[in-house]
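**Q** structure, please.
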Amino acid sequence: MGDSSFSLDSDVFPLTSGDLHLWHGALDDPRFAALPSLLSHDEQVRAARYLDPLVGRRFAVGRGLLRLTLGHYLKLPPNSLIFEGGGQSKPRLNDPLGASNLEFNLSHSNGMILIGVAQGRQVGVDLEYIRPIDQPLKLAKRFFSPAEAAKLARIPESDQQVGFFRCWTYKEAYIKARGGGMSIPLDSFEVAFSPDETPCLLYCTDDNPQRWQLIAITTIPGYASAVVIERPLNKLTLRAI
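**A** All right, here's what the predicted structure looks like:
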């Protein structure tokens, strides 16, 4: 079904406080071909700026899926939604009265997208395609906290690449949940990411780690992905679009 009549399953249950819904899908799925028609003029201009047409098309489909998903929860036409922010700031719905109380975040990498939606709780998601990188330990020493770099060094060299992406997604999801962008240095907080640790936020210079719950998403083959959400979390549901 490649037209704009594509919609989410009709049996999607309501989102209540304490719930987290995660949606994932492939941006090149032919069912989504016409979703860019849902975008605002500004979004269409932004998509056209990408030098690589594939990257621009995937951006447009991703925004279309975000509009479709949020429109489902709000019971509004997807093309009627107005966003503010973006760039280095966290995108939000233009909702002056705060009536929807809907929080969301999205991430896409190498043709896959992950969207998180919650009710009244800040949420951040990150998705990274696990690809070959040169000297992951050197990168960790440059960007991560000293304790995180030391943990990665203790992981067998053959597993360090996966470990690097695991740590990276945990940290990016936390930064996105807070909405701080590049104003939050990657080495100003520490996450538990070793194979023998339960994922969590261990330390932060200007925040209470207990405020947040960190969850690794392990069901998207070939990708590292994670979500960070304000506590308490009662139920998480992960579904393919």
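
**Q** tell me what the lengthiest helix in the chain is packed against?
**A** Ranked by residue count and defined by DSSP state H, the top helix of the chain is helix 53-74. Where contact means 3 or more Cβ pairs under 8 Å, 6 or more residues apart in numbering; DSSP states H and E, helix 53-74 is packed against strand 19-26, helix 41-48, strand 102-109, strand 112-119. Backbone N, C-alpha and C define where each C-beta goes, glycine included.

**Q** pLDDT on the last one, on average?
**A** This points to strand 112-119. For strand 112-119, mean pLDDT rounds to 96.

**Q** that one: how far from the chain's middle?
**A** Counting by Cα atoms, centre = their mean, to the nearest Å, strand 112-119 is centred 6 Å from the centre of its parent chain.

**Q** equivalent analysis for the third one, please.
**A** In terms of Cα atoms, centre = their mean, the centre of strand 102-109 is found 4 Å from the chain centre.

**Q** strand partners (parallel or antiparallel) of that strand?
**A** Applying DSSP bridges to the sheet, strand 102-109 is found paired with strand 112-119 (antiparallel).

**Q** got the buried residues for the next helix or strand after the partner strand?
**A** Using DSSP states H and E, the next helix or strand after strand 112-119 towards the C-terminus is strand 123-129. Burial within strand 123-129, assessed by neighbour count using 16 or more other Cβ atoms under 10 Å, is assigned to 123-128.

**Q** and the following helix or strand past strand 123-129, what does it pack against?
**A** Following strand 123-129 in sequence order, the next helix or strand is helix 136-143 (DSSP H and E). When contacts are defined as 3+ Cβ pairs under 8 Å, 6+ apart, helix 136-143 sits against helix 146-154, helix 160-178.

**Q** tell me the buried residues in the longest one?
**A** Going back to what we said before, that points to helix 160-178. By neighbour count, and taking 16+ other Cβ under 10 Å as the criterion, the buried residues in helix 160-178 are 160-161, 163-178.

**Q** got it, and the first one?
**A** Of the residues in helix 146-154, those with enough neighbours to count as buried (16+ other Cβ under 10 Å) are 148-149, 151-152.
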